[in-house]
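# Mind looking at a prediction? Sequence and model below.
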Amino acid sequence: MISSAIDFGTTNSVAGVNLEHELKMVKLGHDSLETRSVLFYSFEDRNFYVGDDVLAQLDMETEGRYLQSLKSFLGHKENIETVLGTDSYYLDDLISIILRRFKQKMDNQVGESIENIVFGRPVRFNDDSDELDREAQYRLEDAGYKAGFKNIVFQYEPIAAALSYEDKISKEELILVADIGGGTTDYSVIKVGGDSRYNMDRKEDILSNHGIYVGGNSFDSSIIKDYIAPHLGQGTIYKSMGREMEVPSELYFDLSEWHLFQRMFDRKVLNRIDKLMMMAYEKEKIERLKELIEDNLYFDFANEIVNAKIKLSSSDRTTLNMNMFYDKFALDLTLKQFENSINPYTQKIEKALNEALNQANVTAKQIDKVFLTGGSTLVPSVKNIYTNYFSKEKIFHTDVFASVGYGLTLHAQRVGF
């Protein structure tokens, strides 16, 4: 019986299958194993597009609705509902569309319909509520069933990353896995290698499992709040009934959270923006905000933010080119500015590291290897957290996109379904 796995990520996704006892990763992208976890609904042909196919539609300037970071909604209290065309879709409906396209690629790889799947999940979907954390897994499970899978098992993403590393070693080691992706920071302290690799139940090998809802999207949000939003009107002055007041910052909250931006399409929000434009002293800045929403500029806008963050992983400065607006502008952003902006989040990542070590009742010196995965571990101030705690020879940086997916597929192979 064929088993499979999907690492459905906030930003990127990876999949693998086990075919005749051979593990194979599936190419979800046009030219790569990973693809963006994004969805696009075309107003022109009323079809959905997923992953790399979304980028092709946006390049053609197709009119439609772009959705990203849907995984970030899973742990929310409300089950989001979105109207696209003439139909309403709940969160699990939207995610199921993405998973169904992934399943089609996996089915084509093996030549038959796959029924058995292991999904990765973060240690925490919701930091504050165990009930909402469980509800998040149920929502992802429902999406999997709607996508056509029959049997679904979950494994923690940092545990999957540990299994991926374990596949490459022979001796027993005590490792720390830090998996920092778009939405979450997850830690596991686990014994790997040696005889423990043959145990089906690895509970005794897992010394701690800890996570927080902080990731690369949090860093993007900081850039928007601190550097971009003021050029879209935040903090500028408007006059109403003879009183001068600042444009309220809460209007920009959903702008800076990728998964919440859809709420800005609400007619009430757009009407509020229109009223502020009439009263604002710097109308051109508020007009950019309206343009961003109504002219479907969000993909280009989001890409520029993410690319700036990536550039600052290997350079001490970059330029944010906001050329998508009619009234263009550009901003220089230094690595120091970026690190100051995200400092509250890196402090939380470090605090979570200490909690993971404390839960495992081990010190940093007792860790044999530190296994870093997830794109956000490439951010310099994040990498520095680990070099401050562990000697450089202990730190092992693997494929930031594929390692969790590979480990999940290994787990699927070992559970034997």
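Received the coordinates, thanks.
# Next, the buried residues of stretch 41-56.
41-42, 48-55 (16 or more other Cβ atoms under 10 Å). Where C-beta positions appear, they are placed from N, C-alpha and C, glycine not excepted.
# Those: which two are farthest apart?
For the buried residues of stretch 41-56, the maximum inter-member distance is 16.3 Å, found between 41 and 52 (Cβ to Cβ).
# what pairs with the helix or strand of the chain with the lowest mean pLDDT, and is each one parallel or antiparallel?
For the chain, counting by mean pLDDT, DSSP states H and E, strand 81-84 ranks last in confidence among helices and strands (a mean of 84). Paired with strand 81-84 in the same sheet, following DSSP bridges, are strand 87-90 (antiparallel).
# then the strand it pairs with to PDB, C-alphas only?
Taking only C-alpha atoms (Å, rounded to 0.1, in the frame of the first residue of the first chain), the coordinates of strand 87-90 have been written out as PDB:
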ATOM      1  CA  ASP A  87     -19.900  30.800  -3.800                       C
ATOM      2  CA  SER A  88     -18.800  31.000  -0.200                       C
ATOM      3  CA  TYR A  89     -15.800  29.000   1.000                       C
ATOM      4  CA  TYR A  90     -14.700  28.200   4.500                       C
END
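# any idea which helix or strand comes after that strand?
Following strand 87-90 in sequence order, the next helix or strand is helix 91-110 (DSSP states H and E).
# quick one: contacts of that following helix?
Counting contacts by Cβ atoms under 8 Å, 6 or more residues apart in numbering, the residues outside helix 91-110 that touch it are 2, 4, 6, 8, 13, 15, 17, 19, 24, 26-28, 37, 39, 48, 50-51, 67, 70-71, 73-74, 79-80, 82, 113-114, 139-140, 142-144, 146-149.
# just how off-centre is that helix within its chain?
If you compare the mean C-alpha spot of helix 91-110 with that of the full chain, they lie 18 Å apart, counting by Cα atoms, centre = their mean, to the nearest Å.
# Stretch 2-18 now?
Computed by Cα atoms, centre = their mean, the separation of stretch 2-18 from the middle of its chain amounts to 14 Å.
# got it, and stretch 30-45?
For stretch 30-45, the distance from its own C-alpha centre to the chain's C-alpha centre is 15 Å (Cα atoms, centre = their mean).
# end to end, how far does that stretch reach?
Chord length of stretch 30-45, first to last residue, is 22 Å (Cα to Cα, to the nearest Å).
# Now do the helices in the stretch 251-400 of the chain.
Using DSSP state H, counting those that start in this stretch, the helices of the stretch 251-400 of the chain run over 267-279, 283-294, 298-311, 335-360, 380-389.
# ok so, going back, let me know the closest of the buried residues of stretch 41-56 to residue 256.
When those are compared for distance to residue 256, the smallest value, 21.6 Å, is given by residue 54; criterion: Cβ to Cβ.
# which residues touch that closest one?
For residue 54, the contacting residues are 36, 38-40, 66, taking Cβ under 8 Å, 6+ apart as the criterion.
# go again using 7 Å as the cut-off
Residues counted as contacts of residue 54 (Cβ atoms under 7 Å, 6 or more residues apart in numbering) are 36, 38-40.
# want to throw those into a markdown table with pLDDT, secondary structure and distance to residue 323?
A markdown table is the format used below for the contacts of residue 54 (pLDDT from 0 to 100; DSSP: H, G, I helix; E, B strand; the rest coil; distance: Cβ to Cβ, whole Å):
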| residue | pLDDT | secondary structure | distance to residue 323 |
| --- | --- | --- | --- |
| 36 | 92 | strand | 21 |
| 38 | 92 | coil | 21 |
| 39 | 93 | strand | 25 |
| 40 | 92 | strand | 21 |
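# By neighbours, which of those wins?
For these, neighbours were counted using other Cβ atoms under 10 Å, and residue 38 has the most, 25 neighbours in all.
# Next one: it relative to residue 109, how far apart?
Distance, residue 38 to residue 109, by Cβ to Cβ, to the nearest Å: 22 Å.
# try residue 277
Taking Cβ to Cβ as the criterion, residue 277 is separated from residue 109 by 51 Å.
# Also residue 302?
Noted for residue 302: a distance of 30 Å to residue 109, by Cβ to Cβ.
# How about residue 403?
20 Å.
# which one is residue 11 nearest to, not counting chain neighbours?
The spatially closest residue to residue 11, leaving aside those adjacent along the chain, is residue 182, at 3.5 Å (Cβ to Cβ, 6 or more residues apart in numbering).
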